[in-house]
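> need a 3D model of the following:
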Amino acid sequence: MNPVDLAAIVAVNVAGAASPGPDVVLLTRMATRSRKHALAAAVGIHVGVLMWTSLTVFGAAALLTAFPWLLELIQVLGGSWILYMGISSVRQGWRDRLDPPLDLEEAVQRLGSVRSAFTTGVATNLSNPKIVLFLAALVAPLLPTSPTVGTALIVIAALWLSSFVLFMAYCMLVSTERVRRKLFSAGPYIDMGAGAFFIVAGTLLIVRGLLGLVG
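As a prediction, this is how the structure comes out:
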């Protein structure tokens, strides 16, 4: 694979990663409260990214095309998780509105452990199979017809690293103390807004999956 093709793949991947979605919304919610929680969530997200990109590059994503019920089942299960996360975020935001944290330290404590932020990142990314559809539609056509193992590993590393750097930079930018202090009072509304987004996204995934399974 020549450098121009690899650069094109990375550019398409970065554009897709930067578009609003459950991953970005989750990081925004975390980063406005705590840098370490946001970074942990970003690492968790990229555990999922590594799996999805590997499936795409090695051609396993074609299974979802050959057996669409697999994708539909993932949509139902993943949508259920995102819906649950949305309801939890709305409830947390409402509680914080009625009983606001006294300072940033208390707001961070209410996020839970850093480990839970990591696992939430993993689950959020794995619950949204649209990344496979994106990669299969826009990235896979740019790949060699029969890539060697070395080429496949280079592409996987480039896809993963480009997305990882982007998300880490976003977390660092949003989680600066100045930004967090300015958004401190808006924390409950950020939680409820993020929760509403997750509820809509999760419901749509469930509906699409169920329609596909029964259709």
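
> what's the closest non-adjacent residue to V47?
Among residues not flanking V47 along the chain, V122 sits closest, at 4.9 Å (C-beta to C-beta, 6 or more residues apart in numbering). For the C-beta atoms, the positions are set from N, CA and C on the backbone; glycine is no exception.

> mind giving me the packing neighbours of the top helix by length along the chain?
For the chain, the helix that runs over the most residues, judged by DSSP state H, is helix 68-98. Helix 68-98 is packed against helix 62-66, helix 114-126, helix 187-214, with contacts defined by 3 or more C-beta pairs under 8 Å, 6 or more residues apart in numbering; DSSP states H and E.

> quick one: list the elements packing against the last one.
Translated: helix 187-214. Against helix 187-214 (3+ C-beta pairs under 8 Å, 6+ apart) you get helix 22-31, helix 68-98.

> most tightly packed of those helices?
Comparing the helices and strands packed on helix 187-214 by mean neighbour count (mean count of other C-beta atoms under 10 Å), helix 22-31 ranks first with a mean of 24.

> ok, back up a step: list the contacts for the residue nearest to V47?
With contacts defined as C-beta atoms under 8 Å, 6 or more residues apart in numbering, V122 is in contact with G44, I45, V47, G48.

> could you give me the average pLDDT of the host helix or strand of the first one?
Assigned by DSSP states H and E, G44 belongs to helix 35-57. The predicted model assigns helix 35-57 a mean pLDDT of 92.

> relative to helix 22-31, how tilted is it?
170 degrees (axes from the mean of the first three to the mean of the last three C-alpha atoms, to 10 degrees).

> gap between helix 35-57 and the chain center?
Averaging C-alpha positions (C-alpha atoms, centre = their mean, to the nearest Å) puts helix 35-57 7 Å from its chain's average.

> helices or strands up against it?
By 3+ C-beta pairs under 8 Å, 6+ apart, helix 35-57 packs against helix 22-31, helix 114-126, helix 130-134, helix 149-174.

> repeat the analysis, applying 6 Å as the threshold.
The contact analysis (3 or more C-beta pairs under 6 Å, 6 or more residues apart in numbering; DSSP states H and E) places helix 35-57 against helix 22-31, helix 114-126, helix 149-174.

> about what we covered before: for the longest helix of the chain, what is the average pLDDT?
88.

> what's the answer for stretch 170-177, then?
For stretch 170-177, the per-residue pLDDT averages 94.

> let me see the contact set for the residue sitting nearest the centre point of the chain.
Nearest to the mean C-alpha position of the chain, counting by C-alpha atoms, centre = their mean, stands D23 at 2.5 Å. Counting by C-beta atoms under 6 Å, 6 or more residues apart in numbering, D23 touches I45, N125.
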